[in-house]
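1. Quick one: sequence plus predicted model below, questions after.
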Amino acid sequence: MRKKAILITGAAGEIGHALIEALAKTGDIPLLTLDLDPLPEDIRELTTHWEADILDQKLLDRLVSEYEFEVIYHLAALLSTRGEFSPGAAHQVNVNGTMQLLRLAAEQSEWRRKPVQFIFPSSIAVYGLPDLETKTQYARVREWEWNYPRTMYGANKLYCELLGVYFSEHYRQLAAEQSTMVDFRAVRFPGLISAFTVPSGGTSDYGPEMLHAAAKGEPYGCFVRPDVRIPFMAMPDAVKSLLALAAAPTEAIGQRVYNVTSFSLSAEEFKQWVLKFFPAAQIDFTPDVKRQTIVDSWAAEMDDSAARRDWGWQPDYDVQRAFEEYLVPNIKKRYQD
Ligand code: AKB
């Protein structure tokens, strides 16, 4: 008898940390987590964790034979900056890893004759605006607009969204018997900011890095220009969106990929928010041309009206509440303890 579980890949990353805490609170179905790295100590008790590679087919075969997955949260990915240094590795993890997990989900959906839900965090990196003039003109991009990513990571995410739709709607369309399809659902995240973890390998990292450096009393050289604007979201809202999308009734889901967003800030405005709470912070701007070009190609704002309409999406944290109630108190505690 296979054991029921929720599978979370990339569990030791930023989203994983917050998602495991939230899912463990509901306590309905046991969690099984995968990551190359061990989990941080504070969440180890909440899950059965395997330090393993999602590209290891033998491991995936074993998981299929031992577990019945209700939901797969596939978080494992190499982010946008890291992916530019190792495009081959990014493609392996981001595309081949997703493909293996979608096949696993399809196999499980078949034998249990019920779809496995596949929740996928996509990214603002799927957008690629050609220049700053266009970025200003098309501030609030909708899901189907400007899907011309500039990074390996963005291209990988966009393709994996399409793969997910394929596995949900067309997989084995020429087979003799009708298959039970995977229930793939994706959110495109803006830059995420956590009070408890510092990101690594991304290009929206300058926001959270600026804040964490200020709290530690360290100077920070921001790698983008002060005027560059992208949307951000506090981590509790990111988790909220994943859980709300997973909980949405099938009839409500009008599309499989949704933008979600919270507040947009220029790097200068981000600095001003940081200075409000850490007036002694030393933040200057030393743009890195290559990383700057990536952020310049990302939308200044995302239109998340489809998520609001279909499954009642609404962030809890606007910029003021994010800084005042979530980020600053928790970050201060973290570095002062
Ligand atoms: C990155 O910067 O690569 C990520 C993202 C925006 O998806 N944080």
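-> Received it, and whenever you're ready, just let me know what you need.
2. For this protein, give me the ranges with low pLDDT.
-> Residues of the chain meeting the criterion pLDDT under 70: 337.
3. since we're on the closest residue to the ligand within it, how many residues are nearby?
-> For the chain, the residue closest to the ligand is residue 202, as judged by C-beta to the nearest ligand atom, at 2.7 Å. The way it works is simple: take the backbone N, C-alpha and C, and place the C-beta from them, glycine included. When neighbours are defined as other C-beta atoms under 10 Å, residue 202 has 25 of them.
4. from memory residue 261 sits against residue 231, does it?
-> Yes. Using C-beta atoms under 8 Å, residue 261 is in contact with residue 231, at 4.5 Å.
5. contacting residues for the residue of the chain closest to the ligand?
-> 79, 80, 81, 82, 191 (C-beta atoms under 8 Å, 6 or more residues apart in numbering).
6. For the third one, which non-adjacent residue is spatially closest?
-> When you say that, I think you mean residue 81. In this structure, residue 81 finds its nearest non-sequential neighbour in residue 203, 4.9 Å apart by C-beta to C-beta, 6 or more residues apart in numbering.
7. tell me the contacts of that neighbour?
-> 79, 80, 81, 125, 151, 291, 294, 295.
8. Next: residue 235.
-> Each residue near residue 235 by C-beta under 8 Å, 6+ apart is listed here: 14, 15, 18, 192, 193, 194, 195, 196, 326.
9. Kindly recompute the last result at 10 Å.
-> Residue 235 makes contact with 14-15, 17-19, 192-197, 208, 317, 322, 326-327, 330, according to C-beta atoms under 10 Å, 6 or more residues apart in numbering.
10. would you list every one of the strands in the stretch 201-337 of the chain?
-> Applying DSSP state E, counting those that start in this stretch to the stretch 201-337 of the chain gives strands spanning 220-222, 229-234, 257-259, 263-266, 283-285, 301-302.
11. could you redo those as a markdown table and give each row distance to the ligand and mean neighbour count?
-> Shown next, in a markdown table, are those (distance: least, C-beta to the nearest ligand atom, whole Å; neighbours: other C-beta atoms under 10 Å):
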| stretch | distance to the ligand | mean neighbour count |
| --- | --- | --- |
| strand 220-222 | 14 | 19 |
| strand 229-234 | 8 | 24 |
| strand 257-259 | 12 | 25 |
| strand 263-266 | 13 | 19 |
| strand 283-285 | 18 | 17 |
| strand 301-302 | 11 | 23 |
